[in-house]
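Novice: Pasted the sequence and its predicted model underneath.
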Amino acid sequence: MRTVKTRMMLVSAMAVIALPFAMAHAASADTAPDLACGNTQPGPCTETAHFTQLDDTGTPLPPTAGCPDVVSTDFVRMVGTGNGIEHITVNKAQDAWFTSTFTGSVTLTAYPPSSVSVDNDGVVTITGPPDASVPTFTGHLTEWFGGSFNKQSAVQHDTFNISATAPNGQTLHVHVVDHASWTPGTDLNEPPHTAFDKVSCS
């Protein structure tokens, strides 16, 4: 039977690989911390943390009609301030439920694939300059991520909404809904049984 930590790492890794805006937090006292519950502390346990800073890197989204090309070609660094909360509950059987929400002001900087590296765990590291052809955008972001898993199945989903403007007046409005699930009896180390990314821009 997998430990909660292993299951959480699996869901997190799949989120980074398969879902575009899973969070990869920079080290800071005010960004979402790594929770001990289900990580270094086995269940049963419950833990909640509040945070005010966001420092995430999102991966390119699937190409979508009506969205600017940069949305599907570049990585994006999202740095902002606002209100965030994350919560996890793990029961005695080591089944777990996790959720994280953030809303606030954000600055978006685009980076071409040549300016990032992605390790085997799906962690994105910026290694080069921003995309010189894309302006920096500032605006408002609201995102939510949630997942639940047990020894036989798992589900994760998230929503992402950004409304931002560049200094030249160009606007960017992106809405994303993602879902991935592993049905009972599915090997959780394999790709999800069902997965989709729904992206729209206006």
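Specialist: Everything's here; your move.
Novice: V106: helix or strand, and which one exactly?
Specialist: strand 96-111 (DSSP states H and E).
Novice: Output the contacting helices and strands for that strand.
Specialist: helix 4-18, strand 45-58, strand 75-90, strand 137-149, strand 154-165 (3 or more Cβ pairs under 8 Å, 6 or more residues apart in numbering; DSSP states H and E). Every residue, glycine included, has its C-beta placed from N, CA and C.
Novice: most remote residue from the protein's center?
Specialist: Most distant residue from the mean C-alpha position of the chain: N168, 28.3 Å away (Cα atoms, centre = their mean).
Novice: SS state for the closest residue to it other than its chain neighbours?
Specialist: Excluding the flanking residues, the one nearest N168 by Cβ to Cβ, 6 or more residues apart in numbering is P135, at 5.9 Å. What DSSP: H, G, I helix; E, B strand; the rest coil gives for P135 is coil.
Novice: lowest average confidence, helix or strand, in the protein?
Specialist: helix 4-18 (a mean of 38; mean pLDDT, DSSP states H and E).
Novice: contacting residues around S115?
Specialist: F75, I126, T127, G128, P129, P130, D131 (Cβ atoms under 8 Å, 6 or more residues apart in numbering).
Novice: Closest one to F196 out of these, please.
Specialist: If you rank these by distance to F196 using Cβ to Cβ, F75 comes first, at 21.1 Å.
Novice: Wait, that closest one touches T127, no?
Specialist: No. Applying Cβ atoms under 8 Å, one finds F75 not in contact with T127, separated by 10.8 Å.
Novice: how close does N189 get to A154?
Specialist: Look at N189 and A154: by Cβ to Cβ, to the nearest Å, they are 11 Å apart.
Novice: Between those two, which is the more surrounded one?
Specialist: Set N189 next to A154 and count neighbours by other Cβ atoms under 10 Å: A154 wins out with 24 against 11.
Novice: Is the more buried one bridged to anything, and to what?
Specialist: Counting by DSSP bridges, A154 is bridged to F149, W182.
Novice: and if you look at T194?
Specialist: S181.
Novice: number of nearby residues for T125?
Specialist: T125 has 11 nearby residues by other Cβ under 10 Å.
Novice: ok, the residue nearest to L54 when sequence neighbours are not counted - contacts?
Specialist: Distances taken as Cβ to Cβ, 6+ apart place G80 nearest to L54, at 4.4 Å, with adjacent residues excluded. Shown in contact with G80 (Cβ under 8 Å, 6+ apart): Q53, L54, G104, S105, V106, T107, L141.
Novice: Among these, find me the one that's closest to D178.
Specialist: Nearest member of these to D178, counting by Cβ to Cβ, is L141, at 15.5 Å.
Novice: before we move on, back to that, columns distance to P112 on top of the helices and strands packed on strand 96-111, output as TSV?
Specialist: Shown next, in TSV, are those (distance: least, Cβ to Cβ, whole Å):
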stretch	distance to P112
helix 4-18	19
strand 45-58	13
strand 75-90	8
strand 137-149	16
strand 154-165	19
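Novice: Determine which of those approaches S200 most closely.
Specialist: That would be strand 154-165 among the helices and strands packed on strand 96-111, by Cβ to Cβ, at 10.2 Å.
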